[in-house]
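Peer 1: okay, structure incoming, though there's no sequence with it:
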């Protein structure tokens, strides 16, 4: 892997240089943009992993001006589509949007402009692109060629990712029906597993994977340990009052979102709220008030923030932990897009783990659900001529109203993947395999795969708990997480795809950030009553041996009750020890024992 920052570059094409300055008003490209734009202009499939604020939009907007056909941008964010199209129109670039919130007259105008070759860029939701009737419109005689398909927020295609969106898994079929133009996939966060998933699920070929890094020195991470909801409520109010400028308070549940919003307003903080159960008009009004600085704080679930282009967010508070470090980094990273210092605070209460466990329980269809969907598809398809099930998700929902649409969509996609069904040009499901022994084996294998994914999700949840309880540098942990096993994965079957990888070197050169809470103020022990009683017992046993002890980082030690571990950090009389379960706990030095035979 080579660092993108060290590669020699040729000057950009003159037309691109002129457009960069005159149309977009930028004197030069940011790091990473050059590599992505060159790859796109050369006609390669490209996966770009670039942090929030790195300028991902320009990576397709600038090339789009040079292409003969239309650039099709797939985005899950209706508000972002609107903002992007408005800015492009203001710059004199013809762009249009198509989504479910658009009035019918405006949708007709957008399609008329497309048919008349009057557009450079067309923004659509994934649900619109996978609609067979829409594909027919794009392929109609006389329609312009689709020169490039851009898949924004591409981590949504990955069931390993934190924002899985089932409609994304059908994109590959739609793209094939458009003649398979080059693909540009964009995301701010992707672990190696997610990168592999994106490349595979989109059917990308001879792909350039360009990862520009995740480190942003202006973000200062802090974790505060709390033990009850009332303390958390008070602390959210204190932080919102203390922190300067605009901020976001993230909640995992709608109930918490409503409660904290009310508490902030009652305390005199100007705040709005945003979650999935509000009407679209209410969400839009809340977002506009925040973006226009009519309120200072947005209290929201993870339904808010993806693609929000507000550069001066000075703080992000997580009142409840998210389900993964991927989600945490993406949400916290909405702060400080202007490069100025911003604070990212996680208020950690271990009980919040139960909320995330509940969410995980409904993420994947169970083996029983998959088998039930397979039987229902066979029954419904056998009732039709040609064994083809039209509008399959709607038909399955009628037959199985107790199963959610997302799980049905995932299960239906799985049946297609294992060859039991085949997707028709009109979006139907044609039954290929009537249910022999081989089909049963494939279904069983697929069920086990989903069980393995669910187990991995639980491990991912434990990683963010470990992050919250660790004495390590916060940035060091995030960087290690996103780079985890990249070298091994590249050499493994997982990365057995025709791809070229450009990834950053260690962005901290193995050092710590120096600005997070653990770097500035090494953590102290906060003992529960039970742990306090246990420590008192140990204290009594240790009285004859009470002497000053010193330890070094990396030294192997033993602690009663927890067993052996490795010293991670020493601060005065406090010793942070990492144990085999990857948990870090902090102890008074006199209760830590050096393992016999270990040298200091």
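Peer 2: Good, I have the coordinates. All values derive from a computational prediction rather than experimental measurement.

Peer 1: any chance you could map the helices in the stretch 351-500 of the chain?
Peer 2: Ranges of helices within the stretch 351-500 of the chain are 352-361, 367-382, 392-399, 405-417, 437-469, 474-482, 486-491, based on DSSP state H, counting those that start in this stretch.

Peer 1: which of the residues in stretch 461-474 are buried?
Peer 2: Residues 461, 463-474 are the ones in stretch 461-474 that count as buried (16 or more other C-beta atoms under 10 Å). Yep, even glycine has a C-beta here, placed from its N, CA and C like the rest.

Peer 1: before we move on, what about stretch 231-243?
Peer 2: Buried-residue list, stretch 231-243, by 16+ other C-beta under 10 Å: 232-233, 235-237, 239-240, 243.

Peer 1: tell me, please, the helix or strand in this protein that averages the lowest pLDDT.
Peer 2: Least confident helix or strand, the chain: helix 486-491 with a mean of 44, by mean pLDDT, DSSP states H and E.

Peer 1: show me the domain layout of the protein.
Peer 2: According to automatic domain parsing, the chain comprises the domains 4-211, 219-358, 367-435, 522-594.

Peer 1: what's the least confident stretch among these?
Peer 2: Of all the domains of the chain, the minimum mean pLDDT falls on domain 522-594 (a mean of 68).

Peer 1: and the end-to-end length of that one?
Peer 2: 21 Å (C-alpha to C-alpha, to the nearest Å).

Peer 1: what does stretch 272-284 give?
Peer 2: 11 Å.

Peer 1: picking that back up, nearest to residue 351, of the buried residues of stretch 461-474?
Peer 2: residue 465 (11.5 Å; C-beta to C-beta).

Peer 1: ok, now which ones touch the residue nearest to that closest one when sequence neighbours are not counted?
Peer 2: Distances taken as C-beta to C-beta, 6 or more residues apart in numbering place residue 353 nearest to residue 465, at 6.4 Å, with adjacent residues excluded. Neighbouring residues of residue 353 by C-beta atoms under 8 Å, 6 or more residues apart in numbering: 321, 461, 465.

Peer 1: hmm, the second one is touching residue 360, no?
Peer 2: Yes. Taking contact to mean C-beta atoms under 8 Å, the distance of 6.9 Å between residue 461 and residue 360 places them in contact.

Peer 1: now the common contact residues for those two.
Peer 2: With C-beta under 8 Å, 6+ apart, residue 461 and residue 360 have common neighbours residue 323.

Peer 1: what are the ranges of the helices in the stretch 51-200 of the chain?
Peer 2: 58-64, 78-90, 104-115, 126-129, 132-138, 171-177, 192-201.

Peer 1: can you put the ones you listed in JSON lines and add distance to residue 417 and mean neighbour count?
Peer 2: Below are those laid out as JSON lines (distance: least, C-beta to C-beta, whole Å; neighbours: other C-beta atoms under 10 Å):
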{"stretch": "helix 58-64", "distance to residue 417": "29", "mean neighbour count": "23"}
{"stretch": "helix 78-90", "distance to residue 417": "29", "mean neighbour count": "18"}
{"stretch": "helix 104-115", "distance to residue 417": "32", "mean neighbour count": "14"}
{"stretch": "helix 126-129", "distance to residue 417": "18", "mean neighbour count": "22"}
{"stretch": "helix 132-138", "distance to residue 417": "19", "mean neighbour count": "16"}
{"stretch": "helix 171-177", "distance to residue 417": "11", "mean neighbour count": "20"}
{"stretch": "helix 192-201", "distance to residue 417": "10", "mean neighbour count": "22"}
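
Peer 1: so which of the ones you listed is nearest residue 507?
Peer 2: helix 192-201 (16.0 Å).

Peer 1: orientation of that closest one relative to helix 405-417 in degrees?
Peer 2: With axes from the mean of the first three to the mean of the last three C-alpha atoms, to 10 degrees defining the directions, helix 192-201 sits at 60 degrees from helix 405-417.

Peer 1: please compute how far helix 192-201 lies from its chain's middle.
Peer 2: 13 Å (C-alpha atoms, centre = their mean, to the nearest Å).

Peer 1: what is that helix packed up against?
Peer 2: Counting by 3 or more C-beta pairs under 8 Å, 6 or more residues apart in numbering; DSSP states H and E, the packing neighbours recorded for helix 192-201 are strand 46-49, strand 183-187, strand 207-211, helix 486-491.

Peer 1: so what does the second one touch, helix or strand wise?
Peer 2: If I follow you right, that is strand 183-187. Packing partners of strand 183-187 (3+ C-beta pairs under 8 Å, 6+ apart): strand 46-49, helix 58-64, strand 146-151, helix 192-201.

Peer 1: what's the angle between that strand and helix 192-201?
Peer 2: Going by the same axes, to 10 degrees, strand 183-187 makes 160 degrees with helix 192-201.

Peer 1: paired strands for strand 183-187, with orientation please.
Peer 2: Note on strand 183-187: by DSSP bridges, its sheet partners are strand 46-49 (parallel), strand 146-151 (parallel).

Peer 1: hmm, who's touching that strand?
Peer 2: Taking C-beta under 8 Å, 6+ apart as the rule, strand 183-187 contacts 36, 40, 45-50, 56, 59-60, 148-155, 157, 175, 194, 198, 202, 204.

Peer 1: show me where the stretch 201-350 of the chain has helices.
Peer 2: Taking DSSP H, counting those that start in this stretch as the test, the helices found in the stretch 201-350 of the chain are 229-242, 254-266, 280-291, 325-332.

Peer 1: turn those helices into JSON lines, columns for distance to residue 74.
Peer 2: Below are the helices of the stretch 201-350 of the chain laid out as JSON lines (distance: least, C-beta to C-beta, whole Å):
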{"stretch": "helix 229-242", "distance to residue 74": "36"}
{"stretch": "helix 254-266", "distance to residue 74": "27"}
{"stretch": "helix 280-291", "distance to residue 74": "20"}
{"stretch": "helix 325-332", "distance to residue 74": "18"}
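
Peer 1: quick one on the thing from earlier: figure out which of the helices of the stretch 351-500 of the chain is closest to residue 343.
Peer 2: helix 474-482 (11.6 Å).

Peer 1: list the buried residues for the closest one?
Peer 2: The neighbour-count check on helix 474-482 (16+ other C-beta under 10 Å) flags 474-479, 481-482 as buried.

Peer 1: could you do stretch 343-355 as well?
Peer 2: 343-349, 352-353, 355.

Peer 1: quick one, which of the strands paired with strand 183-187 is packed in tightest?
Peer 2: strand 46-49 (a mean of 28; mean count of other C-beta atoms under 10 Å).

Peer 1: quick one: distance of it to the chain centre.
Peer 2: Averaging C-alpha positions (C-alpha atoms, centre = their mean) puts strand 46-49 14 Å from its chain's average.

Peer 1: try stretch 169-181
Peer 2: The chain centroid and the centroid of stretch 169-181 are separated by 23 Å under C-alpha atoms, centre = their mean.

Peer 1: could the strands paired with strand 183-187 be laid out in a markdown table, adding distance to residue 168?
Peer 2: A markdown table is the format used below for the strands paired with strand 183-187 (distance: least, C-beta to C-beta, whole Å):
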| stretch | distance to residue 168 |
| --- | --- |
| strand 46-49 | 14 |
| strand 146-151 | 8 |
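
Peer 1: what is the burial count for residue 208?
Peer 2: Residue 208 is flanked by 21 other residues according to other C-beta atoms under 10 Å.

Peer 1: surely it touches residue 45?
Peer 2: Yes. The pair residue 208 and residue 45 qualifies as a contact (C-beta under 8 Å) at a distance of 7.3 Å.
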